[in-house]
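Chemist: requesting a structural model of the entry that follows:
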Amino acid sequence: MREKIDRTGEIHITNEGYPVKIIDGTNRKKCIIQFENGHIKYDINYSNIIAGKVSNPYHPSVYKTGYEGFGKYTFLNSPRIKVLWDSIFARCFNNKKNPSYVDCNISEEWHNFQNFAKWYEQNWKPHMTGWHLDKDVLIRGNKLYSSNSCCFIPLEINCVFVVPPNRDLPQGVYVSGKKYRAKFGKDYNEYFDILEDAVSAYNEQREKHIKKLADEWKPLIEPEVYQAMYNYTVDYENI
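Modeler: Here you go, the predicted model:
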């Protein structure tokens, strides 16, 4: 008869640097362990425990900030959501590759993959395939990715709210000889003697276009997105 083994009470360090305590080690191969934060894992091979091969779901593995968490969603069973979640962290924390996202951040709630994945399932619909996750439409000038500020919008709408690189003149206005040219899309192109007039003309065309898109997409976009677009006004002071 094999001698009974009880490893209960042993403490080991994982490869991620976390101490784990065996709270039930009476099974020869499988143990129940507990992390310092109270999280419990069941049926863990003892050989993996002593080798440090036990992952902490709260370890910030994504840009030293995001973590998988514990719950319904895992990185393995939700790959599409994980790719989108990763891309948000890349935008905010890899400014060399994404300079236009300098000063952007992610809400603490979304540091936990469980919370982001739940929001995703509640807000994404099949007809939104290919749409973009946006943080700018609902809250003007927003820099924070969060459940209150983000929404899904089609590429056509997203492009309208893209802020161009810094330039000497306001968006949509160009110098043409001694005049200022206001250009919007393929159909609007007008010249003015005064800069402010060119800016106002461009802004007016942009606002009309945003409202037009809102009406065209109204059956598919969420009501709050439609309302935000219809109420949108261009910053006339930015001249």
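Chemist: please count neighbours and contacts with C-alpha atoms only from this point.
Modeler: Will do.
Chemist: need the helices for the protein, in chain order.
Modeler: Using DSSP state H, the helices of the chain run over residues 46-50, 79-93, 113-123, 155-160, 195-217, 223-230.
Chemist: any chance of the ones you listed in a markdown table, plus distance to residue 129, mean pLDDT and mean neighbour count?
Modeler: Converted to a markdown table, the helices of the chain look like this (distance: least, C-alpha to C-alpha, whole Å; pLDDT from 0 to 100; neighbours: other C-alpha atoms under 10 Å):
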| stretch | distance to residue 129 | mean pLDDT | mean neighbour count |
| --- | --- | --- | --- |
| helix 46-50 | 40 | 96 | 16 |
| helix 79-93 | 11 | 97 | 17 |
| helix 113-123 | 12 | 98 | 17 |
| helix 155-160 | 11 | 93 | 14 |
| helix 195-217 | 15 | 95 | 18 |
| helix 223-230 | 17 | 96 | 17 |
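Chemist: what does residue 7 show for phi and psi?
Modeler: phi -100, psi 10 (degrees, to the nearest 10).
Chemist: what about the residue nearest to it when sequence neighbours are not counted, neighbour count?
Modeler: Of all residues not flanking residue 7 in the chain, residue 25 sits nearest, at 4.3 Å (C-alpha to C-alpha, 6 or more residues apart in numbering). When neighbours are counted by other C-alpha atoms under 10 Å, residue 25 registers 20.
Chemist: can you tell me how far residue 25 is from residue 54?
Modeler: 15 Å (C-alpha to C-alpha, to the nearest Å).
Chemist: hmm, residue 111 is touching residue 66, no?
Modeler: Yes. With contact defined as C-alpha atoms under 8 Å, residue 111 reaches residue 66; the gap is 4.4 Å.
Chemist: separation between the residue nearest to the spatial centre of the chain and residue 172?
Modeler: With distances taken as C-alpha atoms, centre = their mean, residue 88 lies nearest the centre of the chain, 3.6 Å away. Distance, residue 88 to residue 172, using C-alpha to C-alpha: 28 Å.
Chemist: quick one, what contacts residue 117?
Modeler: 73, 81-82 (C-alpha atoms under 8 Å, 6 or more residues apart in numbering).
Chemist: tell me which residues touch residue 53, please.
Modeler: Residue 53 touches 14-15, counting by C-alpha under 8 Å, 6+ apart.
Chemist: show the pLDDT at it.
Modeler: According to the prediction, residue 53 has pLDDT 96.
Chemist: and it, how far from residue 18?
Modeler: 11 Å.
Chemist: and what of residue 96?
Modeler: The value you get for residue 96 to residue 18, if C-alpha to C-alpha is used, is 31 Å.
Chemist: same check, this time on residue 27
Modeler: Here residue 27 is placed at a distance of 23 Å from residue 18 (C-alpha to C-alpha).
Chemist: need phi/psi at the residue nearest to residue 7.
Modeler: The phi/psi pair for residue 25 (degrees, to the nearest 10) is phi -120, psi 30.
Chemist: so who does it touch?
Modeler: With C-alpha under 8 Å, 6+ apart, residue 25 has these contacts: 5-9, 31-32.
Chemist: and this protein, what are its domains?
Modeler: The chain breaks down by automatic domain parsing into domains covering 11-50, 62-161, 164-239.
Chemist: compare residue 96 and residue 18 (neighbour count), which wins?
Modeler: Neighbour count, other C-alpha under 10 Å: between residue 96 and residue 18, residue 18 has more, with 16 against 11.
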